[in-house]
Structure formats: structure tokens, C-alpha cells
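[1] Sequence first, predicted coordinates after that:
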Amino acid sequence: MAKRKVSLKDISIACGVSVATVSKALNDHHDIGQETKEHIRQVAESLGYRPNAAAQALKTNRTNNIGVLFVDEANSGLTHDYFNHVLNSFKNTAEENGFDITFINGGKARINNMSYLSHAIYRGFDGVVIACVDFFDPEVDELVKSSIPVVTIDHIFYNRIAVISDNVNGMRELTEYVCSQGHKKIAYVRGVESSVTQSRLASFYKTLQEHGIDIPDEYVVIAPYRDTDAAYEATNKLLNLQDPPTCIFYPDDFAALGGINAIRERGLKIPDDVSVVGYDGLEISSRLTPKMTTIVQDSEKIGKIAATKLIDLINNPKGTLIEQIVVKGTLEPGASVKKLN
């Protein structure tokens, strides 16, 4: 049998005071003596009283609830290794600061076909973090331009706080490393169009140019992030070229698994015949044989900073700087890139 909730009337009877006095004591009104306040609070706690969250929200205009907009085009949801770690860190930091998090439904799971902004207003979110969505979606743009405090992850909007991985320097370090191993025929299976892809691709080309390396256009092919089938097809396309690459970059470690399968199905060895490079530093990349060369992103730091900045924005909207925080990754050389003479 469900336990009945303790009411203000229950507390007033136990204390021998009016319901109004109990309410004033619990809300710290100045016309109630400190000794009376403390006595009423102690009795309330001993009875197991829990204030009504909805009523508190009406009084303070706060719900202590943060919305998370996460719509992964690959529909991998929280099995998406990188964003799973980012959002887990975000959740832990938010909860440590007294906030709950709620996902904003997307796709078929939407409530009454509500827009993202309507859902955020309906839930009464104090703020919203946006990660892994189509940032060019008009509904996302509407939410970002609203009065709700927003922090984005891995995408920069004008006049909004953004926490981004250092994709430019990450790709530079990765490309520098491959060039240092003597490779000149370097291909890139790049992700679909996004600010992350743009940053990595530009850094890839720029670093090659600095090393005097000019690659043919057919060395750069498109495959969605985390899509092993597309990476498999892209790899076969590259290996079928008359002059195939000696090293292939992949959009992420997970997609690289598809490329590795394509290489091995041809009876080729990694890295003896073809070298491979990933991105993200997922746990799986360190368990492969040979260990994958990749950039390890600091997902825990990204999530923690995003939560801290959003909470700052909620608590102190006038005094919180609107800035872009760049979080550096770390090169993991691995053993999947062969040193050429």
C-alpha cells in the first residue's frame, strides 16, 4: 500500500500551530521567529515531509531540471560511445549541483508533435544542452534563439556558450604523425557535413599542404559517422583505385571497424599492407590488434564543462561570459600505421 504524503496540515497538528505558520516557517518568512522555524522544520523532517516540486517551481520560477537535446542521425542513441561518455559526465555534474536532466524527445517519440522549444517550455527546463543534432534544423535554431539558457557541444552558435573538442589541432597532430611515418598517399573517409567535419577536413588539407603533399580528389570520400557499412564501401572504393592509398583516415573509431573488415577480406594486413587511423579514442580502439592510431577526446572534461557553464548561466545569467571553450584531445600513436622507408 502506497504511503500517504505528509501535508502542511499534518505538520501544523503535530506542532500545534496554524497551516499558515507552517508554510511561512518552511519558506523562511521573516515574521516567524527563528526558534519556531527550526522546531517546525525538525518536525517536518521527522514526519518525512517533501515539498511539492511543482508548487516550488511556481514560487521560484525554477524547476532544477535541465533538458538534453540529443538526436543522433545514426539512431545509436546512448550506445554512441563518445556522446554517451560526454552526457554521462554532464549528468553527474548536473546532479552534483542539484539538477535533474530530462531528454527532449525527437522523431517519432515527440509529445503531440511539439517543437523542441515547445517541449522545453512545456517541461519548464531551466536550461538546455544541445549535442549531436542537425544544427541546421530550423527547430534547433528556434530553440537556440529563445530566452532559455543554452549550451551547445561541438557546434558554435553566435552568442551562445559552446564547448567543443579541438578538432583542428587533433586532426593536425594525427596528420603530422602519419606524415612523419613516411606516408604521402593518404586518404580520408570523412564524415557528413557538419562544423566538426569542416574543421577536421580543413586541418587535414592544410597539414598535408605544409608537408608538400597533394592528394587526388578521389582520396577523399564521404561516409556518415559511426556507419560501419558506409566505411566498408568507402574503403573498397579506395582500394579499387589504380593507385590506392597507403593510409586511410576514418571519421571515428567505430566506423573504422567497417574499413578494417574490408581490408582484411582482401587478404591484406594492417599495417603491413594498409595503415588505418581513427578518431575519438573509444575503448574498442585500444582493444583491437593492432591497437588503433587515434585521437583520444576528453569526453569527461567536455561534459563537465558543459554542465558547469550551463548551471552558471542559469544561476547568474548577467554575469556569465558567453564563450567558446576548446578542449584538447591526445594523440594515441597505437600500432596501426606502418613506418615507410
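    Sure, I can see it. Numbers count the residues shown, from 1 in each chain.
[2] Ranking helices and strands of the protein by mean pLDDT, which lands last?
    helix 53-60 (a mean of 52; mean pLDDT, DSSP states H and E).
[3] quick one, strands of the stretch 201-341 of the chain?
    Shown for the stretch 201-341 of the chain, the strands assigned by DSSP state E, counting those that start in this stretch span residues 220-222, 247-249, 275-277, 294-296, 324-327, 330-332.
[4] Out of the ones you listed, the one nearest I104 is which?
    Distance to I104, taken as CB to CB, is lowest for strand 324-327 among those, at 22.7 Å. Any C-beta I mention is one placed from the backbone N, CA and C, and that applies to glycine too.
[5] Show me the strands in the stretch 1-150 of the chain, by range?
    Using DSSP E, counting those that start in this stretch, strands in the stretch 1-150 of the chain cover 65-70, 100-103, 127-131, 150-153.
[6] For H183, which of these is the nearest?
    strand 150-153 (32.0 Å).
[7] Tell me the strands beside the closest one, with direction?
    Sheet pairing here is set by DSSP bridges, and for strand 150-153 it gives strand 127-131 (parallel), strand 161-165 (parallel).
[8] about what we covered before: using CSV, lay out the strands of the stretch 1-150 of the chain together with mean neighbour count, distance to A20 and mean pLDDT.
    Below are those laid out as CSV (neighbours: other CB atoms under 10 Å; distance: least, CB to CB, whole Å; pLDDT from 0 to 100):
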stretch, mean neighbour count, distance to A20, mean pLDDT
strand 65-70, 21, 29, 92
strand 100-103, 15, 30, 90
strand 127-131, 25, 34, 94
strand 150-153, 25, 40, 95
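[9] Domain map for the chain?
    8-51, 65-164+300-327, 167-297 (automatic domain parsing).
[10] Start and end of the last one, how far apart?
    Looking back up the chat, that one is domain 167-297. 9 Å (CA to CA, to the nearest Å).
[11] Can we start the residue count at 18 from this point?
    Noted, 18 is the first residue going forward, which turns the last one into domain 184-314.
[12] before we move on, the earlier item: can you tell which of the strands of the stretch 18-167 of the chain is closest to N358?
    strand 167-170 (42.4 Å).
[13] Not counting that closest one itself, show me its contacts.
    103, 144-149, 152, 160-161, 174, 177-181, 319, 323, 326-327, 330 (CB atoms under 8 Å, 6 or more residues apart in numbering).
[14] now swap in stretch 301-311 and tell me
    98, 191, 194-195, 270-271, 273-274, 277, 287-288, 292-299, 349-354.
[15] Show me just the buried residues among these.
    98, 191, 194-195, 270-271, 273-274, 277, 287-288, 292-299, 349, 351, 353-354 (16 or more other CB atoms under 10 Å).
[16] Restricted to helices, list the residues you listed.
    98, 191, 194-195, 270-271, 273-274, 277 (DSSP state H).
[17] so which of those residues comes closest to E210?
    Nearest member of those to E210, counting by CB to CB, is F271, at 19.1 Å.
[18] What separation do you get for that closest one and K26?
    Distance, F271 to K26, by CB to CB, to the nearest Å: 57 Å.
[19] What of P241?
    From P241 across to K26, the span is 59 Å (CB to CB).
[20] Equivalent analysis for R189, please.
    67 Å.
[21] So between the two, which is more surrounded?
    R189 (19 against 11; other CB atoms under 10 Å).
[22] Good, we can wrap up now.
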